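Colleague: Please find the sequence and the predicted model below.
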Amino acid sequence: MTVIYQTTITRIGQSAADALSDQMLITFREGAPADIEEFCFIHCHGELNGELKAGSQLQLGEARYAVTAVGDVAEQNLRELGHITLRFDGQPQAEYPGTVHVVGPVPQAVTPRLHVKIYFVIKERHMSQVAVVIGGGQTLGEFLCHGLAAEGYRVAVVDIQSEKAARVADAINTEFGEGMAYGFGADATSEQSVMALARGVDEIFGHIDLLVYSAGIAKAAFISDFELGDFDRSLQVNLVGYFLCAREFSRLMIRDGIQGRIIQINSKSGKVGSKHNSGYSAAKFGGVGLTQSLALDLAEYGITVHALMLGNLLKSPMFQSLLPQYAAKLGIKAEEVEQYYIDKVPLKRGCDYQDVLNMLLFYASPKASYCTGQSINVTGGQVMF
């Protein structure tokens, strides 16, 4: 367990709980006010790795402590309520159900006879987990970055436009705290750029638990009008970039023994052909095959791989930019295009960013640990195989 603490310490009187305040911010090294005589309450951020049990190690700042006894409900309190109570006396049996007894250097603000209550901010199992989001500087990718940060992930925001990645990272740090996100500029279609990206993420975050490949482009054209450059660019961004990122970041997962997750943001066009979208559909079909192959390659390391097959994100900038092309293709007005596509969906609406985030969080979680190589429809029933 690691605790990074910026502490709140308050004197305990008859109304000890009411005395707890967020207004006095000090650290152990700064000592404690002279009138603290009984208890110190400490608010801090932390992460729980492994089990809390007798014989394990607890770290507070730079000091390490040997755990000698754990109360019956201490670990449950930590996971469910976000706090434990430490007693620095090294007793072989826990005095109270919620108490953890430790041996080690006593912080300046307390004495061995005193209790210290540590309040942890823990988001399920995600605290300290690192997510890399390719294409995270705008639209859906930006939304996913914020959603992952809200769940406790630290996020590497990656975009070909570095200023957009930096903007998203700054917004996340402002909302969720410094160090929760970092922006990277990278071209997913360049092998050298992706290799440099992996090194940069590794240097800053130290490991990776989740890779989300959300980069994508689309160009609509009748086959006889489709330029080779446009077709190749679609393959590069939608498929080759996915391959390069999966290769480099799976290497880090394998190196660190992390049973991570790789999730591609794909499309229903990867399951059914898309008229006038041959380049996009070909790349997305390729993504399904790559996903299944990666899942087989990485299964022995406990790394799972999935593709989310999205319905039409009708309000997304990419879809909106294609309205004139779709209108011309369909022979209807641009303002009629959205309704045309809604009418094709049994649930009678387009796919929302939140729908994508909901599925992403599930397949990134331990709850989906027995699933791999799947192409999951998020289409409102429009595609059912």
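Modeller: Nice, I can see it. Predicted model, so just to flag it, every value in this text is computed and none were measured. Residues are numbered from 1 along each chain as shown.
Colleague: Would you mind giving the domain segments of this structure?
Modeller: 2-119, 130-378 (automatic domain parsing).
Colleague: For Met384, which of those domains is the nearest?
Modeller: Taking C-beta to C-beta, domain 130-378 is the member of the domains of the chain nearest to Met384, at 7.0 Å. From N, CA and C alone the C-beta is placed, and that goes for glycine too.
Colleague: ok, residues contacting the longest helix along the chain?
Modeller: Secondary structure of the chain per DSSP state H: the longest helix is helix 278-298. Contact with helix 278-298 is made by 217-219, 223, 226, 230-231, 233-235, 237-239, 242-243, 246, 250, 253-254, 262, 264, 266-267, 269-271, 273-274, 304-307, 372-373, 375, as judged by C-beta atoms under 8 Å, 6 or more residues apart in numbering.
Colleague: now stretch 372-383
Modeller: Outside stretch 372-383, the residues within contact range by C-beta under 8 Å, 6+ apart are 266, 268, 270-272, 288, 291-292, 294-296, 299, 304-311, 344-351, 355-356, 359, 363, 384.
Colleague: same check, this time on stretch 339-359
Modeller: In contact with stretch 339-359 (C-beta under 8 Å, 6+ apart) are residues 140, 143-144, 147, 265, 308, 310-316, 330, 332, 338, 376, 378-382.
Colleague: One more pass at 7 Å, please.
Modeller: 140, 143-144, 147, 265, 308, 310-315, 330, 332, 376, 378-382 (C-beta atoms under 7 Å, 6 or more residues apart in numbering).
Colleague: Now, those residues that are in strands?
Modeller: Of the contacts of stretch 339-359, the ones assigned to strands by DSSP state E are Ile265, Leu308, Leu310, Ile376, Val378.
Colleague: got these as CSV, with neighbour count, distance to Gln57 and pLDDT columns?
Modeller: Putting these into CSV (neighbours: other C-beta atoms under 10 Å; distance: C-beta to C-beta, whole Å; pLDDT from 0 to 100) gives the following:
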residue, neighbour count, distance to Gln57, pLDDT
Ile265, 26, 39, 99
Leu308, 24, 39, 99
Leu310, 27, 44, 98
Ile376, 18, 40, 99
Val378, 22, 42, 98
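Colleague: And the furthest pair within those?
Modeller: Among the ones in strands among the contacts of stretch 339-359, Ile265 and Ile376 lie farthest apart (C-beta to C-beta), at 11.0 Å.
Colleague: overlap in contacts of these two?
Modeller: Leu308.
Colleague: From the contacts of stretch 339-359, list the buried ones, please.
Modeller: In terms of neighbour count (16 or more other C-beta atoms under 10 Å), the buried residues within the contacts of stretch 339-359 are 140, 143-144, 147, 265, 308, 310-314, 376, 378-380, 382.
Colleague: Tell me which two of the residues you listed sit farthest apart.
Modeller: Gly147 and Gln382 (23.4 Å).
Colleague: Helices of the stretch 151-300 of the chain, start to end?
Modeller: Using DSSP state H, counting those that start in this stretch, the helices of the stretch 151-300 of the chain run over 162-176, 191-205, 228-235, 241-256, 278-298.
Colleague: where are the low-confidence patches of this structure?
Modeller: Along the chain, segments meeting pLDDT under 70 span 1-51, 59-63, 77-84, 106-127.
Colleague: Quick check, Ala54 in contact with Ala74.
Modeller: No - at 10.9 Å, Ala54 does not count as touching Ala74 under the criterion of C-beta atoms under 7 Å.
Colleague: Between the two, which has more neighbouring residues?
Modeller: Ala74 (24 against 14; other C-beta atoms under 10 Å).
Colleague: check contacts around that one.
Modeller: Applying C-beta under 7 Å, 6+ apart, the residues near Ala74 are Leu52, Ile84, Gly98, Thr99, Val100.
Colleague: Tell me the secondary structure of the first one, please.
Modeller: Read it as Leu52. coil (DSSP: H, G, I helix; E, B strand; the rest coil).
Colleague: Excluding chain neighbours, give the residue nearest to it in space.
Modeller: Of all residues beyond its chain neighbours, the one nearest Leu52 is Glu75 (4.6 Å), with distances taken as C-beta to C-beta, 6 or more residues apart in numbering.
Colleague: So what does the one you found have for phi and psi?
Modeller: Per-residue torsions, Glu75: phi -70, psi -40 (degrees, to the nearest 10).
Colleague: try Cys351
Modeller: phi -80, psi 130.
Colleague: what about it, how many residues close to it?
Modeller: 26.
Colleague: Identify the residue spatially nearest to it, adjacent ones excluded.
Modeller: The nearest residue in space to Cys351 (C-beta to C-beta, 6+ apart) is Gly311, at 3.8 Å.
Colleague: distance of that neighbour from Val288?
Modeller: 16 Å (C-beta to C-beta, to the nearest Å).
Colleague: Tell me if I'm right that the residue nearest to Cys351 and Lys268 touch.
Modeller: Yes - using C-beta under 7 Å, Gly311 is in contact with Lys268, at 5.8 Å.
Colleague: Can you verify my assumption that Ala246 contacts Ile262?
Modeller: Yes - the pair Ala246 / Ile262 is scored as a contact, 5.4 Å apart, by C-beta under 7 Å.
Colleague: so what sits against both of those two?
Modeller: Common neighbours of Ala246 and Ile262 (C-beta under 7 Å, 6+ apart) are Leu211, Leu294.
Colleague: neighbour count winner among the two?
Modeller: Ile262 (27 against 24).
Colleague: Would you agree that one is in contact with Val305?
Modeller: Yes - using C-beta under 7 Å, Ile262 is in contact with Val305, at 4.5 Å.
Colleague: what's Lys333 in contact with, if anything?
Modeller: Contacts of Lys333 by C-beta under 7 Å, 6+ apart are Ala327.
Colleague: backbone phi and psi for it, please?
Modeller: phi -80, psi 150.
Colleague: So it versus Leu211, what's the distance?
Modeller: 40 Å.
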